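**Q** Build me a structure from this.
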Amino acid sequence: MGFFNRLFGKEKKDTLDQGLAKSKQSFVERISRVFTGRRRIDGDLLDDLEEALVSSDLGIDTTEAILERLRKRATWEAYVDQGELMTMLREEVLGLIATGSGTRIDASMAYEVPRGGSSPHVIMIVGVNGVGKTTSIAKLAHRYSQQGLKVMLGAADTFRAAAVDQLKVWGGRVGVPVVAQGMGSDPAAVAFDTLQSAVAQHMDLVLIDTAGRLHNKVNLMNELGKIKRVMSKVIPEAPHEVWLVLDGSTGQNALEQAKRFSEVTEVTGLVLTKLDGTAKGGVVLAISDQMNVPVRFIGVGEKMEDLQDFHPMEFVDSLLPQSLDTES
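**A** Next up, the predicted model:
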């Protein structure tokens, strides 16, 4: 682990390891059963490995892609130990993430907000209730304000009074202004007021919280479309990004939710939350592979700093053991 400790910082890597501990343990248990009493790579072993990967929340499509890569590499008559197969598996998973999401696998994955522009950079945050959307917005606000950016929040999730109140509380905690109206207000009007205020106060970054009710995709599409049109009247390019927040603990349901949201709006980035309390961390690999949208951040704890940049190499190193006798 020395390489990753030097590259990302020991404290950050330790937090990621701890956050993915349940997922890693579940993965090790499933893969260990595949190898019990067996050494040769053959069709039966790979079939069992496929079942283990599917049950680890990688999903059928992603698992099949990984197994196809492994079959091409496997020497059918050769004997391999557990470490050799795990090395192959880690390499193929890492390559699949980079290919599927179009992202780089090195350490420069952090999303950088453009500085010095004539108007603020606008990110619209979408996601259903309960996924950790408001908390993630607060953590993003904290992150970028700590980098010296002037950040403003817009409380455009006016469907629930609690959402507006929560954002106000979090804004106060992290020291960033929040533009809000009452429950039932027009979300587009809130977004419009937020951008006008941000321009007047020379803000660098605006995060717009929106409602995410998927029970009626037509209404959601219309609402998000209206918010975008109204914001573009203040800043023609706004929103510059649309990030979808997903609850990683829901496993394959998170992937399904991502697909449904992509049908109603153009999602440019993903935030996966609550990975520290679940054994379903493998879904991050499935989402990275199938959505062709970069995972920007992952949540591996409650602290503000626990919303981490998603680095494929770092993630795979924490999720998949180098050998099956790895303690986790």
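**Q** Could you give the number of residues near the nearest residue to L275 once chain neighbours are set aside?
**A** In space, and not counting its chain neighbours, L275 is closest to G248: 4.4 Å by CB to CB, 6 or more residues apart in numbering. Every residue, glycine included, has its C-beta placed from N, CA and C. Neighbour count of G248, defined by other CB atoms under 10 Å: 28.
**Q** Let me know the pLDDT of G248.
**A** Looking at G248, its pLDDT is 92.
**Q** swap in L320?
**A** 85.
**Q** where's it relative to K274, distance?
**A** 20 Å (CB to CB, to the nearest Å).
**Q** now swap in Q308 and tell me
**A** 13 Å.
**Q** C-terminal to the helix or strand of the chain with the lowest mean pLDDT, what's the next element?
**A** In the chain, no helix or strand scores lower on mean pLDDT, DSSP states H and E than helix 2-8, which sits at a mean of 47. As assigned by DSSP states H and E, the chain's next helix or strand after helix 2-8 is helix 10-19.
**Q** Need the contact partners of the following helix or strand past that following helix.
**A** As assigned by DSSP H and E, the chain's next helix or strand after helix 10-19 is helix 21-35. Helix 21-35 is contacted from outside by 45, 48-49, 52, 55-56, 82, 85-86, 275-282, 318-321, 324, 326, 328, using CB atoms under 8 Å, 6 or more residues apart in numbering.
**Q** which of these count as buried?
**A** 45, 48-49, 52, 56, 82, 85-86, 275-276, 278-282, 318-321, 324, 328 (16 or more other CB atoms under 10 Å).
**Q** Check the contact lists of Q308 and K274 and give me the overlap.
**A** Common neighbours of Q308 and K274 (CB under 8 Å, 6+ apart) are G299.
**Q** Now do the longest helix along the chain against helix 21-35, angle only.
**A** Longest helix in the chain, counting residues (DSSP state H): helix 82-101. Going by axes from the mean of the first three to the mean of the last three CA atoms, to 10 degrees, helix 82-101 is angled at 120 degrees with respect to helix 21-35.
**Q** quick one, what contacts S136?
**A** I125, V245, V271, T273, F297, G299, L307.
**Q** Report the two members of the residues you listed separated by the largest distance.
**A** I125 and G299 (13.5 Å; CB to CB).
**Q** Mutual contacts of those two, please.
**A** With CB under 8 Å, 6+ apart as the test, I125 and G299 both reach S136, V271.
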